[in-house]
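Undergrad: what's the 3D shape of this:
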Amino acid sequence: MLTLLRTRRRRAELESAARYLGPIRRQIRTTPLTPPPSPWRVSGVFAVPQLEAIGFDRESELLLVVSRDSLGVIDCASGEKIARKGGTQRDSRPQHLLQAKGIGPLEHSDVAIAGRKGGGLPRATEDGWSLELVTLEWPTQDVLLVPPGSALFVCHEDDEARFTRIESDSEIHACGFSFSGRSLVIAAGDDLTIYHRE
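TA: Below is the predicted model of the structure:
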């Protein structure tokens, strides 16, 4: 009898969640992919064969990019490639520790990384921008940029959520903001997209 009551309660909870989330699911599905709104601008789009992980320096807009065969540093403000180290002389630390030794201007830094093996980047900025990574139809994930003063899941039938759907891919390895909140990156498959704002 107790199992039957739990099953009915769980079913009721799922039906309630479906009614609540239905409007936002419909809105996400019907929203076209677009670049982020102003003040964001594209800083760079890079093909990185065998992209594995990315990580921001805590003191700047420099991004460490880790691929299977190399390391690179990109200035997210300008989109300029600052340093590259190829070959097998990479950091000997295992990537599952989610840290990599920097190169070039980051050579004296240990950088926390996020990518295929886990980790995470900041998903919100001090002034209120946030990122939501949602999966409506696995394995595709959508990256939604939510402006300050909005919340994705506070959506009712008479009120639509405010967001921009900026990426949709089945291989999103990492996405997030720099520690200053002025740069936004998405690593999907072997592609790296960088946005920046002043």
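Undergrad: going forward, measure contacts between C-alpha atoms and count neighbours the same way
TA: Will do.
Undergrad: Run through the strands of this structure in chain order.
TA: 41-47, 51-56, 62-67, 70-75, 80-86, 99-101, 110-112, 114-115, 130-137, 140-146, 164-169, 172-177, 183-188, 191-196 (DSSP state E).
Undergrad: out of those, deepest packed?
TA: strand 51-56 (a mean of 27; mean count of other CA atoms under 10 Å).
Undergrad: Tell me which residue lies nearest the centroid of the chain.
TA: residue 175 (1.5 Å; CA atoms, centre = their mean).
Undergrad: With residue 118 as the reference, measure out to that one.
TA: Using CA to CA, to the nearest Å, residue 175 is found at 12 Å from residue 118.
Undergrad: try residue 107
TA: 23 Å.
Undergrad: Show me which of these two is the more surrounded one.
TA: Between residue 107 and residue 118, counting by other CA atoms under 10 Å, residue 118 is the more crowded of the two (14 against 10).
Undergrad: Any idea what the more buried one is bridged to?
TA: residue 115 (DSSP bridges).
Undergrad: Tell me the pLDDT of it.
TA: According to the prediction, residue 118 has pLDDT 89.
Undergrad: for residue 120, what are its contacts?
TA: If you count contacts by CA atoms under 8 Å, 6 or more residues apart in numbering, residue 120 has them with 113-114, 174-176.
Undergrad: same thing with residue 112?
TA: The contact partners of residue 112, taken as CA under 8 Å, 6+ apart, are 55-56, 98-100, 119.
Undergrad: Closest one to residue 129 out of those, please.
TA: Closest approach to residue 129 among the contacts of residue 112 (CA to CA): residue 56, at 17.6 Å.
Undergrad: Now the closest one. Nearest residue, chain neighbours left out?
TA: Excluding the flanking residues, the one nearest residue 56 by CA to CA, 6 or more residues apart in numbering is residue 63, at 4.6 Å.
Undergrad: just residue 45 next, same as before
TA: residue 193 (4.5 Å).
Undergrad: per-residue pLDDT, that neighbour?
TA: Reported pLDDT for residue 193: 97.
Undergrad: got it, and the one 3 residues further on?
TA: Looking at residue 196, its pLDDT stands at 98.
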